[in-house]
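Q: Here is a sequence together with a model predicted from it:
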Amino acid sequence: IVSNLLYYRYMNPAIVAPDGFSLHRYMNPAIVAPDGFDIIDMSAGGQLHPDQRRNLGSVAKMLQHAAANKLFEGETHMTPMNHYISQTYEKFRQFFQAACDVPEPEEKFNVDEYSDMVTLSKPIIYISIEEIINTHSLLLEHLGVIGPDRTDLLHELLQDLGEVPDVEALLGARARTH
C-alpha cells in the first residue's frame, strides 16, 4: 500500500522505496524526540539534556543513511559508520519491505462493497471534532489527487459540505453558551 501510494504521489520509482519514507516520517521523530511521543517518562518540567538530544539526532541520522545506503562524506566524525551502513543496508531494506507488505484492507478485514448492507451491528467510530475538521481540510486540499475526475462523488460531497467549518460552527449554539 505504501509503495503504491508513494508511486502514485511522486510517479518516480526512486522515491517509492518505503524504507527511507517510513524511517523519516514515522521512526525518526520518535528517536529524536522520545519525550514528545511518551516513549520516555519525563518528570514534570523535565527535558532531555541538549547533549542527549544531539546524540539521538546522530542516531537518527545514521539510521536514515543506513536505510538509504548513503555513506557519510565530509563528516569525519561519522565516517567510521560507513562500514556499518554498507553492511546493514540490505537488512534495513528487508525490514521495511516486510513492514510495508501488508494485505489490502478488504482482504485483511474480509469486506467487500456489500458487507455494510448485511452487517447487523454497525461499527462505532470515535473521532474528535478536530479530527473531523482536519480530515475535511485535507480532503479539500488534496481533492485533485484523491478524486481527479470531477464527476467523482467525493466532489459532490465536498461541494455540499462547503468550506471547512470551525469548532463553534460544528457544535452550534451549545459551544457559545459553555
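A: Here it is on my side, so go on. All values reported here derive from a predicted model rather than from experimental measurement.
Q: so what's the nearest residue to His24 once chain neighbours are set aside up against?
A: Using Cβ to Cβ, 6 or more residues apart in numbering and skipping the chain neighbours, the partner closest in space to His24 is Gln64 (6.4 Å). The way it works is simple: take the backbone N, C-alpha and C, and place the C-beta from them, glycine included. Residues near Gln64 by Cβ atoms under 8 Å, 6 or more residues apart in numbering: 20, 23-24, 28, 70.
Q: In strands, which of the residues you listed appear?
A: Counting by DSSP state E, those place none of their members in strands.
Q: CSV please, covering the residues you listed and showing distance to His142.
A: Listed next are these as CSV, based on distance: Cβ to Cβ, whole Å:
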residue, distance to His142
Gly20, 22
Leu23, 23
His24, 20
Asn28, 24
Lys70, 30
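Q: What number of residues are in the vicinity of Phe96?
A: When neighbours are defined as other Cβ atoms under 10 Å, Phe96 has 20 of them.
Q: quick one: what helix or strand has it in it?
A: Per DSSP states H and E, Phe96 falls inside helix 82-100.
Q: the helices in this structure, which residues?
A: For the chain, the helices defined by DSSP state H occupy 2-10, 18-22, 28-32, 50-68, 82-100, 105-108, 115-118, 129-141, 143-146, 153-161, 167-171, 173-177.
Q: between the contacts of Gln64, which is closest to Leu139?
A: Proximity of those to Leu139 (Cβ to Cβ) peaks at His24, which lies at 24.3 Å.
Q: Where does the prediction get shaky in the chain?
A: 1-22, 44-45, 173-178 (pLDDT under 70).
Q: one step back: tell me which strands and helices the helix holding Phe96 is in contact with?
A: With contacts taken as 3 or more Cβ pairs under 8 Å, 6 or more residues apart in numbering; DSSP states H and E, helix 82-100 sits against helix 18-22, helix 50-68.
Q: mind putting the ones you listed in JSON lines, distance to Gly74 included?
A: Below are these laid out as JSON lines (distance: least, Cβ to Cβ, whole Å):
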{"stretch": "helix 18-22", "distance to Gly74": "20"}
{"stretch": "helix 50-68", "distance to Gly74": "13"}
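Q: how about those helices, which one is nearest Phe95?
A: helix 18-22 (7.7 Å).
Q: quick one on the thing from earlier: any idea which of the contacts of Gln64 is the one closest to Asn55?
A: Asn28 (13.9 Å).
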